[in-house]
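Chemist: take a look and give me a structure for this.
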Amino acid sequence: MPLNISKTLDASGLGCPLPIVKTKKEIDNLSSGQILEVISTDPGSKNDMTAWCKRTGNELIEFAEQGGKFQFYVKKG
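Modeler: Take a look at the predicted model:
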């Protein structure tokens, strides 16, 4: 089943902590239950995004890694 993505954030080329900072800013603009797709090239973002979602009550529903790019699908809690 395809995900119903509300918004895409391309954080490619940004280092820690900018992908998380920008993710928080975008998530704040979404309604509960909406999905934000985040694209990052920072290898540290995998751990950062997982920890951030747990800490903030948002749900990391899917993660993919392809060709040096990381895709996160975050559902707003």
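
Chemist: where does pLDDT dip in this structure?
Modeler: In the prediction, the chain carries residues with pLDDT under 70 at positions 1.

Chemist: helices of that one, residue ranges please.
Modeler: Residue ranges of the helices in the chain, as given by DSSP state H, are 18-28, 45-56.

Chemist: quick check: angle from the shortest one to helix 45-56?
Modeler: When you say that, I think you mean helix 18-28. Comparing the axes of helix 18-28 and helix 45-56 via axes from the mean of the first three to the mean of the last three C-alpha atoms, to 10 degrees yields an angle of 40 degrees.

Chemist: residues in contact with helix 18-28?
Modeler: The set of residues external to helix 18-28 that reach it, using C-beta atoms under 8 Å, 6 or more residues apart in numbering, is 7, 9, 11, 14, 36, 38, 40, 42, 45, 48-49, 52, 56, 58, 72, 74, 76. Glycine gets a C-beta too; all of them are placed from N, C-alpha and C.

Chemist: filter those residues down to the buried ones.
Modeler: When the contacts of helix 18-28 are checked for burial by 16 or more other C-beta atoms under 10 Å, the buried set is 9, 11, 14, 36, 38, 40, 42, 45, 48-49, 52, 58, 72, 74, 76.
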